[in-house]
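1. Pasting the sequence and the predicted model now:
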Amino acid sequence: MTHVVIDGRAIGRVIELEIAEQVADFIQNNGRAPCLAAVLVGDDPASAVYVKNKHLACERVGIESKLHRLAGSTSEEELLDLIAMLNDDPAISGILVQLPLPSQIRSTYVLDAVHPLKDVDCFHPENVGLLTQGRPRYLPCTPHGCLQILHRTGLSVAGKHVAIVGRSDIVGRPLATLLSQKDSHLSPEICNATVTLLHSRSKNLAAMTREADVLIAAIGKPKFVTADMVKPGAIVIDVGINRLPEGLCGDVDFDSVAPISSYITPVPKGVGPLTITMLLQNTLAAARAQIGL
Ligand SMILES: Nc1nc(=O)c2c([nH]1)NC[C@@H]1CN(c3ccc(C(=O)N[C@@H](CCC(=O)O)C(=O)O)cc3)C=[N+]21
């Protein structure tokens with residue numbers, strides 16, 4: 001079967017052009033640019049790459065970005081103090097606390113402390129609640145990236161069986177919420193899915209993934225999804241980013257799965273770049289929200 005390898009980087013660049021135009025309008029009307037504050041605690045090399053990619057993406061669309069680098073030994077209280085300062089600073093539109101945080105810091109406490117209007121990750125319970133009720137303030141970046149990939153490739157999930165492997169608060173669960181909702185802000189084709197949310201305790205996992213028209217892998221296990229788990233002709237979206245000695249790889253065994261898929265996202269240059277593009281969109285939305293737009 002012929003399959004299409006979806007170019008997430010190219011889709012991201014198209015959306016960036018749209019965002020750049022809106023950022024230019026915002027600057028013209030308000031005399032200043034939206035500004036993202038990124039907080040990086042410790043020196044995890046992968047986190048450093050992501051934060052740098054986010055900074056470069058902000059530059060491309062005209063969003064300002066300020067990086068706050070804290071030592072790996074930073075206390076929860078010190079981090080909360082910084083967040084309180086960023087919450088109160090009218091020059092800051094959005095706040096991103098890069099995960100994972102060092103073990104002495106309780107992520108939940110810290111993420112709950114970010115002002116809901118500045119919560120560009122959509123991790124705050126108020127924003128998760130709004131999302132769940134179908135009236136989102138912000139969409140979480142990686143799930144939104146997956147929706148955009150489907151939408152901009154002209155694919156549909158309406159009425160189809162979507163299997164998501166992985167129930168994380170950051171990807172799997174919000175994605176299941178969005179895809180199964182009655183309405184979509186993007187298009188009627190990107191909602192109304194029948195969603196199966198699979199996880200480490202699921203029995204007969206492969207039997208269920210094989211039933212899926214759209215299979216989304218977000219479990220953080222390198223090459224977990226193999227050809228025998230995929231229905232021929234399925235759309236396969238790989239959210240995983242794993243660092244192996246031989247390089248980056250996703251949660252899908254690309255070489256065996258690609259030939260039986262109809263559409264598949266690669267790693268890198270699949271969902272990853274879209275995650276960052278959607279962060280830019282949320283930062284612009286946050287800047288607007290703060291001036292009551
Ligand atoms: N508060 C918070 N928000 C996040 O959104 C968040 C986070 N913490 N912690 C880590 C994960 C992971 N994540 C990625 C972002 C960009 C790429 C990305 O740019 N990927 C490129 C390549 C990157 C590379 O070379 O490593 C690609 O797939 O082509 C990947 C993964 C955001 N996350």
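-> Good, I have the coordinates. Residues are numbered from 1 along each chain as shown.
2. ok, the closest residue to the ligand within the chain - contacts?
-> In the chain, the residue found nearest to the ligand is residue 272; the distance is 2.3 Å by Cβ to the nearest ligand atom. C-beta: built from backbone N, CA, C; applies to glycine. With contacts taken as Cβ atoms under 8 Å, 6 or more residues apart in numbering, residue 272 has the following neighbours: 8, 241.
3. what's the answer for residue 98, then?
-> For residue 98, the contacting residues are 38, 39, 40, 41, 47, 50, 51, taking Cβ under 8 Å, 6+ apart as the criterion.
4. Skipping adjacent residues, who's closest to the fourth one in space?
-> If the residues on either side of it in the chain are set aside, residue 41 comes closest to residue 70, at 4.6 Å by Cβ to Cβ, 6 or more residues apart in numbering.
5. Hmm, residue 81 and the one you found touching each other?
-> No: with contact defined as Cβ atoms under 8 Å, residue 70 and residue 81 do not form a contacting pair (10.6 Å).
6. the more surrounded of the two?
-> Per other Cβ atoms under 10 Å, whichever of residue 70 and residue 81 has more neighbours is residue 70, with 17 against 12.
7. So which other helices or strands are in contact with the longest helix along the chain?
-> Among all segments of the chain classified by DSSP state H, the helix with the greatest residue count is helix 8-30. Based on contacts counted as 3 or more Cβ pairs under 8 Å, 6 or more residues apart in numbering; DSSP states H and E, the elements that helix 8-30 packs against are helix 45-61, helix 141-152, helix 271-290.
8. I'd like those written out as JSON lines, with mean pLDDT added.
-> Rendered in JSON lines, the data for those read as follows (pLDDT from 0 to 100):
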{"stretch": "helix 45-61", "mean pLDDT": "96"}
{"stretch": "helix 141-152", "mean pLDDT": "98"}
{"stretch": "helix 271-290", "mean pLDDT": "98"}
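9. got a pLDDT number for the residue nearest to residue 60 when sequence neighbours are not counted?
-> Once its chain neighbours are removed from consideration, residue 60 has its nearest residue in residue 16; the separation is 5.8 Å (Cβ to Cβ, 6+ apart). According to the per-residue confidence, residue 16 scores 98 in pLDDT.
10. and the stretch 1-150 of the chain, which of its residues are near the ligand?
-> Taking Cβ under 6 Å from any ligand atom, the part of the stretch 1-150 of the chain that reaches the ligand is made up of 49, 50, 53, 96, 97, 98, 99, 121, 141.
11. burial count for the third one?
-> Yep, that's residue 53 we're talking about. Neighbour number of residue 53 under other Cβ under 10 Å is 15.
12. show me the contacts for it.
-> Listed by Cβ under 8 Å, 6+ apart, the contact partners of residue 53 are residue 276.
13. Tell me the spacing between it and residue 12.
-> Counting by Cβ to Cβ, to the nearest Å, the separation of residue 53 from residue 12 is 11 Å.
14. How about residue 8: what's its closest non-neighbour residue?
-> Beyond its immediate neighbours in the sequence, the residue positioned closest to residue 8 (Cβ to Cβ, 6+ apart) is residue 270, lying 4.4 Å away.
15. Ramachandran angles for that neighbour?
-> phi -110, psi -110 (degrees, to the nearest 10).
16. Now do the contacts for the nearest residue to residue 57 once chain neighbours are set aside.
-> Among residues not flanking residue 57 along the chain, residue 276 sits closest, at 4.7 Å (Cβ to Cβ, 6+ apart). Shown in contact with residue 276 (Cβ under 8 Å, 6+ apart): 12, 50, 53, 54, 57, 141.
17. Show me the two of the residues you listed that sit farthest apart.
-> 12 and 50 (14.2 Å; Cβ to Cβ).
18. So for those two, which residue has more residues nearby?
-> Each of residue 12 and residue 50 has its neighbours counted (other Cβ under 10 Å); residue 12 has more, 25 against 19.
19. ok now do that one, which residues does it touch?
-> Neighbour list for residue 12: 273, 274, 276, 277 [criterion: Cβ under 8 Å, 6+ apart].
20. cutoff 10 Å now
-> Residue 12 makes contacts with 57, 60, 145, 148-149, 152, 269, 271-278, 280, as judged by Cβ atoms under 10 Å, 6 or more residues apart in numbering.
21. Touching the helix or strand hosting residue 83 from outside, list them.
-> Per DSSP states H and E: residue 83 is located in helix 76-88. With contacts defined as Cβ under 10 Å, 6+ apart, helix 76-88 is touched by 37, 39, 41, 66, 68, 70-71, 74-75, 92, 94-95, 97, 101-102, 104-107, 109-118.
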